[in-house]
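# Test case, fold it:
(one chain, ligands or ions: 2)
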Amino acid sequence: MNILAVGDIVGDSGTEMFLSQIEEIKKQNAVDFCIVNAENACSNNGITRRKAEMLLSGGADVLTLGNHAFRQKEAASLLHNNKRVIRPANFPPGTPGSGVTVVEKNGIKIAVINLLGRIYMDYMDCPFQTVDKILKNTQADLYFVDFHAEATSEKISMGWHLDGRITALFGTHTHVQTADGWVLPKGTGYITDLGMTGPMYSCLGVKREIVLERFIHCIPKRFEFADGRGCRRKRCRLGGKFRG
Ligand SMILES: [Fe+2]
Ligand SMILES: [Fe+2]
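Ligands and ions are numbered 1, 2, ... in the order given. Next up, the predicted model:
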């Protein structure tokens with residue numbers, strides 16, 4: 001089974017890029033199942049029902065989120081009503097939505113788990129203990145984790161923690177793809193970050209002049225996503241089981 005994992009979709013240009021290319025990518029690579037991080041799909045971060053529907057009907061099977069999961073007002077009801085959209089599992093108990101979903105495709109049960117890192121991020125429950133509990137209580141044939149985190153050390157540690165226990169872990173959030181896609185010794189596919197699906201002429205998806213102004217003159221200005229052409233990065237193939 002071929003699984004495609006797509007890193008953070010950024011704004012309208014990232015959404016358009018995904019929708020215009022996903023069919024061809026899926027065909028070329030015989031993709032059976034597609035997991036997409038959509039936490040920046042809206043122009044001011046987060047996700048709306050409309051964007052979720054566009055991505056799901058356009059080729060995604062499951063949408064994961066991250067630190068911007070609840071940026072849009074309607075996120076709570078979206079998460080409540082659509083089991084194909086999940087938010088990080090280590091939000092405190094009682095938070096709307098779920099951090100895990102199991103979807104059946106071609107007779108195979110695929111579990112997708114979303115976790116949020118804690119280093120340089122908002123305070124969350126422990127992602128390591130959270131994923132242990134989920135794995136104990138979730139029955140599936142394949143298990144994928146989107147670990148949405150800033151620090152490479154935290155993501156690599158999670159890879160070691162889950163090696164041999166899940167099919168693959170891919171990181172999201174930094175919007176820059178790392179060159180460390182490999183299969184860990186006990187068989188789990190791993191990459192620290194998939195990178196973004198978004199405008200190439202930008203700083204992590206944000207208009208570069210805004211970010212430069214912050215760095216050069218220390219003048220804060222509201223971030224706006226850049227427009228324009230996206231970038232298509234090289235594919236990462238891990239043991240024929242996982243493609244990021
Ligand atoms: Fe992001
Ligand atoms: Fe993020």
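# need the residues of the protein near ligand 1, please.
8, 40 (CB under 5 Å from the ion). Every residue, glycine included, has its C-beta placed from N, CA and C.
# Is residue 114 in a helix, a strand, or coil?
strand (DSSP: H, G, I helix; E, B strand; the rest coil).
# Quick check: it touching residue 64?
Yes: Residue 114 is in contact with residue 64 according to CB atoms under 8 Å; the separation is 4.2 Å.
# Between those two, which contacts overlap?
86, 146, 148 (CB atoms under 8 Å, 6 or more residues apart in numbering).
# Can you tell me the closest non-neighbouring residue to the second one?
Excluding its sequence neighbours, the residue lying closest to residue 146 (CB to CB, 6 or more residues apart in numbering) is residue 64, at 4.2 Å.
# Which positions are bridged to the one you found in the beta structure?
residue 37 (DSSP bridges).
# if I've got this straight, residue 80 is in a helix?
Yes: under three-state DSSP, residue 80 sits within a helix.
# got a list of what the closest residue to it other than its chain neighbours touches?
Excluding the flanking residues, the one nearest residue 80 by CB to CB, 6+ apart is residue 96, at 5.5 Å. Neighbour list for residue 96: 75-77, 79-80, 87 [criterion: CB under 8 Å, 6+ apart].
# and the residues you listed, which two are the farthest apart?
Within these, two members stand farthest from each other by CB to CB: 77 and 87, at 12.6 Å.
# more crowded one of the two?
residue 87 (28 against 12; other CB atoms under 10 Å).
# wouldn't residue 97 be in contact with residue 83 here?
No: in this structure residue 97 lies outside contact range of residue 83 using CB under 8 Å: 9.4 Å.
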